[in-house]
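In: here you go, sequence then predicted model.
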Amino acid sequence: MPDIIVGPTRNILNPNSRTFEEREKELKELENLEKEAQRREKNSPFQNFYQVNRAQTENMILLARKHPKAHIILLFLLHQMDNYNAVVCSQKVLQEALGMSSATVARAIKSLKDTNFIAVLKTGTANLYYVNKTLAWSSWGTNYKYAEFGAKILISETEQSELVKTKAIKHKEITLVPKDKDTFR
């Protein structure tokens, strides 16, 4: 798109010339269109759906036959992923949620990575699991041009109890008494 030239007056020889008022109106219209698109997406009856690429069916069947535990983890990730196809959690979450051992989860994750069903990025002690967008997606498909992940984060029950190992603190109640009846000093 050619550069738009904005100034106090319009240059009639340049079709990309706009006055400040015209450009402000254009930007406001673009903003309204974007807000309307976001509203439609938010209110969509399909917001709880994710789509699977039919071309990947054979790969999914093969995964279910050869690596059933990996298939279960993939279905869990599909269920939990956000509109960026991502979810952040530790392997402990997968173990507890799916009733699998640590070794089983590790082998299944390796299998999913090796077959390109998912990518795994490290974030502290947790992982960001990103489902391959050629397999499945849960948005309108416009979120992939960004490198940001607004991922859904899952924390297991045992991880929560480790985080909340604080003692209850007793609070003293203080009553303020005014020196004279209208002011505090």
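Out: Received, thanks. Because the structure is predicted, anything quoted here is derived from the model rather than measured. Numbers count the residues shown, from 1 in each chain.
In: what's around Arg39, how many residues?
Out: Neighbour count of Arg39, defined by other C-beta atoms under 10 Å: 10. From N, CA and C alone the C-beta is placed, and that goes for glycine too.
In: next, the buried residues of the longest helix seen in the chain.
Out: Under DSSP state H, the helix in the chain containing the largest number of residues is helix 20-42. When burial is assessed from 16 or more other C-beta atoms under 10 Å, helix 20-42 yields no buried residues.
In: tell me the strands beside the following helix or strand past that helix, with direction?
Out: Sequence order places strand 51-52 as the next helix or strand after helix 20-42, per DSSP states H and E. Sheet pairing of strand 51-52 (DSSP bridges) gives strand 136-137 (antiparallel).
In: could you say which helix or strand holds Glu111?
Out: Quick fix: residue 111 is Ser, not Glu. helix 102-114.
In: helices or strands up against that helix?
Out: Helix 102-114 is packed against helix 68-80, helix 91-98, strand 118-123, with contacts defined by 3 or more C-beta pairs under 8 Å, 6 or more residues apart in numbering; DSSP states H and E.
In: looking at the ones you listed, which is closest to Gly7?
Out: Distance to Gly7, taken as C-beta to C-beta, is lowest for strand 118-123 among the helices and strands packed on helix 102-114, at 46.1 Å.
In: what's the domain layout of the protein?
Out: Domain assignment for the chain by automatic domain parsing gives 5-42, 51-163.
In: out of those, deepest packed?
Out: Among the domains of the chain, domain 51-163 has the highest mean neighbour count (mean count of other C-beta atoms under 10 Å), at a mean of 16.
In: separation between Thr123 and Arg54?
Out: According to C-beta to C-beta, to the nearest Å, Thr123 and Arg54 sit 32 Å apart.
In: whoops, I mixed them up, Ile109
Out: 25 Å.
In: low pLDDT regions in the chain?
Out: Scanning the chain for pLDDT under 70 picks out 1, 44-47, 140-151, 161-185.
In: before we move on, what SS does Asp82 have?
Out: coil (DSSP: H, G, I helix; E, B strand; the rest coil).
In: thought it was touching Lys152?
Out: Yes. Between Asp82 and Lys152 there is a contact at 4.5 Å, judged by C-beta atoms under 8 Å.
In: mutual contacts of these two, please.
Out: With C-beta atoms under 8 Å, 6 or more residues apart in numbering applied, the contact sets of Asp82 and Lys152 do not overlap.
In: and Phe49, how close does it get to Asn116?
Out: 23 Å.
In: what do you get for Arg18?
Out: Taken as C-beta to C-beta, the span from Arg18 to Asn116 is 47 Å.
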